[in-house]
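> 3D, please:
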Amino acid sequence: MGLRTFAGGVRPGHYKITADLPITPARVPEQVVIPLHQNIGAPCEPAVQVGDSVKVGQLIGTPKGFVSAPIHASVSGKVVKIAPYNHPLGNPVEAIFIENDGQDTPWEGMKPHKPLEELSADELRKIAQEAGLVGLGGATFPTHVKLSPPKENPIDTVIINAAECEPFLTADHRLLLEKTEDVILGLRAFMKVLNADKGIIGIEDNKPDAIEQVSKALAESAGEENIELCILSAKYPQGAEKMLIKATVGREVPPGALPMAVNVVNQNTGTAVAMAEAIKLGKPLYERVVTVTGPGIKKPANLLVRVGTLVKDLIEQCGGMTDDARKLILGGPMMGLAQPSADVPAIKGTSGVLLLTEKEVKQYSIVPCIKCGRCVDVCPMRLLPNLLGSYVEMGLVEEAEKAGAMDCFECGSCTYICPAKRPLVQWIRMAKGEIAARRKK
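Numbering: from 1, shown residues only. This next block holds a predicted model:
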């Protein structure tokens, strides 16, 4: 088992201050606010009305398209409102407000399925779809879509992305330790759906306890010979799907293509656990592990959070912010999104709540590029971030498109390494939004 990695990237340091803290259930709020758009693709439409009583795990949001995922109640109680509300990704979206009755009554339809060995590929795909599974690493791509590749792209390898390369996050780390068997079961289920010959669990070498535990579990499990543990160099963005594929199987995903183009499917650690729970318990995705951390939080924790819990409630449960807290980010510091307020709900894609103090918050400036080339050296996609940034700075979006702006996955390595503190990834993100809007027209 050699140490594997990719070309480029940065090493921002490790701040895994919650790595040794077990997952604990978050307090269930008196009211949850569940947005009807929580995945890449189409939003859902309400499957309930104001005044309806609902139970934990009951369907409350019906997908409007194939690239979408249903949404379920995370508490039992009464639907008191359906209205737009603040969303972690930006503009308000329609949300369902459920007043918690405190009973946590489970929906009657939550029943265990047959053992994995007795389930067909179509049955497993349906289980993933009905459970509302999405990628829990942050991208929130509907899982059943990933499990439905075209016939011209047969999948031979499924990779579980357990790298968790964001400096502060430890949710996946704790799942590897506390839900080891479920991670493996979820991987086996994905392999069966896709008729894949090989499974890989990729873990960075800064998680030796997780590496040891997964290795032991694989050695002790019968019939896991086609599952490999791949130890990765702790480098950012090791967990990006194209970098992970390059590091683990040596294949390069073409620009603009999906991993299935090279016969691979990636799934997140949390998604594998959610798949296992959907099979064993009939449990929809209505809660997830969230790392609440950073120098600006008083009591960091790994919490099992009900979807729709407001971030301000999670912060309060963790002792509140420190006096010098200055910035709130949902996700990690590299690819997470800064929030103007903690009055937003945790959604399926919320992997972390990060509070930074003034010491960690840097100000970026509109100053000339000093032509050092560091951003070019670290770009994992082999782009020219300095050139792309300059194009956008001058309003030359078409030139930025020709230079490959849409191939950028916004890892932020360029901005992190830039000694002039130019907002490179922010500029590229702006260009991508404008390019996408033009293409849509």
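
> would you check that Lys235 makes contact with Cys165?
Yes. Using CB atoms under 8 Å, Lys235 is in contact with Cys165, at 7.0 Å. The way it works is simple: take the backbone N, C-alpha and C, and place the C-beta from them, glycine included.

> neighbour count winner among these two?
Under the neighbour definition other CB atoms under 10 Å, Lys235 and Cys165 were set side by side, and Cys165 has more, 27 against 23.

> from Val397, how far out is the more buried one?
30 Å (CB to CB, to the nearest Å).

> same check, this time on Glu360
In terms of CB to CB, Glu360 sits 32 Å off from Val397.

> which one's more surrounded, the two?
Neighbour totals were compared for Glu360 and Val397, and Val397 leads with 18 against 15 (other CB under 10 Å).

> the more buried one touches Gly433, doesn't it?
No. Counting by CB under 8 Å, Val397 stays clear of Gly433, with 9.8 Å between them.

> the domain parsing of the chain - what is it?
With automatic domain parsing as the criterion, the domains of the chain are listed as 116-281, 374-440.

> can you put the ones you listed in a markdown table and add mean pLDDT and distance to Val353?
Formatted as a markdown table, the domains of the chain follow (pLDDT from 0 to 100; distance: least, CB to CB, whole Å):
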| stretch | mean pLDDT | distance to Val353 |
| --- | --- | --- |
| domain 116-281 | 95 | 10 |
| domain 374-440 | 95 | 18 |
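
> Glu224 contacts Ile184, correct?
Yes. Counting by CB under 8 Å, Ile184 is a contact partner of Glu224 at 6.9 Å.

> these two: which is more packed in?
Between Glu224 and Ile184, counted using other CB under 10 Å, Ile184 has the larger neighbour count: 21 against 15.

> show me the contacts for the more buried one.
Ile201, Val214, Ala217, Leu218, Ser221, Glu224, Ile227 (CB atoms under 8 Å, 6 or more residues apart in numbering).

> what sits closest to the last one if chain neighbours are left out?
This means Ile227. Closest residue to Ile227 apart from its sequence neighbours, by CB to CB, 6 or more residues apart in numbering: Gly199 at 4.1 Å.

> got a list of contacts for the top helix by length along the chain?
If you go by DSSP state H, the chain has its longest helix at helix 424-440. Helix 424-440 has contacts (CB under 8 Å, 6+ apart) with 364, 375, 385-386, 388-389, 391-393, 397, 400-401, 405-406, 408, 410-412, 414-415, 418.

> can you point out the buried residues in stretch 351-360?
Ser351, Gly352, Val353, Leu354, Leu355, Leu356, Thr357 (16 or more other CB atoms under 10 Å).

> in helices only, show me these.
Filtering those for helices - DSSP H - leaves nothing at all.

> show me the helices in the stretch 301-441 of the chain, by range?
311-317, 374-378, 385-393, 397-402, 413-417, 424-440 (DSSP state H, counting those that start in this stretch).

> now swap in the stretch 51-200 of the chain and tell me
Under DSSP H, counting those that start in this stretch, the stretch 51-200 of the chain gives helices at 121-130, 143-146, 171-178, 180-194.

> make TSV out of those helices and add distance to Arg288.
Converted to TSV, the helices of the stretch 51-200 of the chain look like this (distance: least, CB to CB, whole Å):
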stretch	distance to Arg288
helix 121-130	15
helix 143-146	13
helix 171-178	8
helix 180-194	13
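
> Ala346: which of the ones you listed is closest?
Of all the helices of the stretch 51-200 of the chain, it is helix 171-178 that lies closest to Ala346, at 11.9 Å by CB to CB.

> and the angle from that closest one to helix 180-194?
Between helix 171-178 and helix 180-194, the angle comes out at 110 degrees (axes from the mean of the first three to the mean of the last three CA atoms, to 10 degrees).
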